[in-house]
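Student: Build me a structure from this.
(one chain, ligands or ions: 1)
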Amino acid sequence: MTLSRLSRSIDGKVAIVTGAASGMGRATAHLFGDEGASVALLDIDSEKLDSVVSEMHEAGYNARGWLLDLSDRGAIQGVVDEIAEHFGGIDILINNAGISIPVAVDSEDYGAAWDKVVAVLLTAQIMMIRAALPHLRAAECGRIVNIASTEGLGATRYGSPYTAAKTGVLGLTRSLAVEFGREAITVNCICPGPINTGMTAGIPEENKVVFAKRRTALGRYAEPEEVAHATLSLVLPAMQYVTGVTLPVDGGLTIKNA
Ligand code: NAD
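Tutor: Numbers count the residues shown, from 1 in each chain. The predicted structure is shown next:
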């Protein structure tokens with residue numbers, strides 16, 4: 001047989017990565033830069049953002065940072081259009097930014113925690129997609145990856161805003177995969193398990209080891225780059241018949257019974 005000439009490279013593509021100043025977003029931005037993509041890094045933390053953009057420039061990658069609070073709906077469209085103008089389009093959107101606010105349902109702070117978590121984890125994803133859509137439509141093969149969590153497949157005590165928002169990401173992904181399917185834009189979602197990032201940095205190392213040994217098949221936490229590689233596989237031009245999937249990148253956490 002003669003293989004088709006479908007590209008297995010994102011060289012020359014333009015990618016937006018939200019929450020790119022730390023953890024998985026940072027690793028994804030680096031990996032995409034290393035693969036030859038132009039990367040727009042979005043984050044609310046200006047100091048960390050500047051430092052990641054600098055390290056990417058030092059590595060010789062094409063990258064630029066945009067300071068943005070993703071819970072500020074009104075600011076999203078302007079930034080996305082600026083990115084498209086700067087890089088000459090948008091091919092790939094990685095909705096990765098996240099926060100976690102553990103809170104009991106009967107806590108006084110519940111309303112504020114709910115609003116913030118849902119705004120950053122769920123509303124911002126659809127607002128980013130809406131803003132990027134004209135540009136993704138103009139691209140040869142638009143790709144969207146939404147970062148959810150294994151907390152969108154199961155639940156942990158005091159995580160109800162987080163779990164509700166992440167479960168919403170799964171539904172959003174499926175719905176938009178159907179809506180955009182005929183335009184050859186794919187929409188997929190990744191559910192990371194326990195990953196060593198800023199979000200988990202406060203958990204004592206010994207607790208992480210015990211948890212990972214008990215709960216994951218691989219018996220360990222992952223490094224952010226391991227998720228970035230899964231994300232990369234979903235945005236390759238050749239990855240054109242996979243859409244609407246929920247891909248756990250969790251070391252086997254969701255399949256392990258004992
Ligand atoms: P991280 O804290 O290292 O990085 C998150 C980034 O998002 C930070 O740079 C932060 O400044 C940015 N951010 C937060 N609020 C923002 C806002 N309002 N506007 C713009 N940027 C904002 O954490 P991470 O673990 O790399 O998180 C990446 C994604 O992975 C998140 O969606 C998180 O929920 C998800 N996740 C993490 C784990 C884990 O174990 N670390 C597991 C499952 C899912």
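
Student: Would you mark the buried spots in stretch 163-174?
Tutor: Buried residues in stretch 163-174, counted by 16 or more other CB atoms under 10 Å: 163-170, 172-174. In this view, the C-beta of every residue, glycine as well, is placed from N, C-alpha and C.

Student: Ignore what I typed, I meant stretch 152-159.
Tutor: 152-153, 159.

Student: for the buried residues of stretch 163-174, which one is nearest the ligand?
Tutor: Nearest to the ligand among the buried residues of stretch 163-174 is Lys166, at 7.0 Å by CB to the nearest ligand atom.

Student: and the residue in the stretch 151-258 of the chain positioned nearest to the ligand, how many neighbours does it have?
Tutor: For the stretch 151-258 of the chain, the residue closest to the ligand is Gly198, as judged by CB to the nearest ligand atom, at 2.9 Å. If you count neighbours by other CB atoms under 10 Å, Gly198 ends up with 17.

Student: Then Lys208?
Tutor: By the criterion of other CB under 10 Å, Lys208 has 15 neighbours.

Student: Put the alpha carbons of whatever helix or strand it lives in into CSV.
Tutor: Assessed by DSSP states H and E, Lys208 sits inside helix 205-215. The C-alpha trace of helix 205-215 is given here as CSV (Å, rounded to 0.1, in the frame of the first residue of the first chain):
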residue,chain,number,x,y,z
GLU,A,205,6.1,13.9,48.9
GLU,A,206,5.4,10.9,51.2
ASN,A,207,1.7,11.4,50.7
LYS,A,208,2.1,11.5,47.0
VAL,A,209,4.1,8.3,47.0
VAL,A,210,1.6,6.4,49.1
PHE,A,211,-1.3,7.7,47.0
ALA,A,212,0.3,6.9,43.7
LYS,A,213,1.4,3.4,44.7
ARG,A,214,-2.1,2.6,46.0
ARG,A,215,-4.2,4.2,43.3
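
Student: What does the nearest residue to Ala222 once chain neighbours are set aside show for phi and psi?
Tutor: Using CB to CB, 6 or more residues apart in numbering and skipping the chain neighbours, the partner closest in space to Ala222 is Ile195 (5.0 Å). Backbone torsions of Ile195, given as degrees, to the nearest 10, read phi -130, psi 140.

Student: Contacts only, for the closest residue to Asp43 other than its chain neighbours.
Tutor: In space, and not counting its chain neighbours, Asp43 is closest to Ala21: 3.7 Å by CB to CB, 6+ apart. Neighbouring residues of Ala21 by CB atoms under 8 Å, 6 or more residues apart in numbering: 41, 43, 45, 48-49, 51-52, 65.

Student: Restricted to buried residues, select those in PyMOL.
Tutor: A single PyMOL command selects the buried members of the contacts of Ala21 (16+ other CB under 10 Å):
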select buried, resi 41+43+48+49+52+65
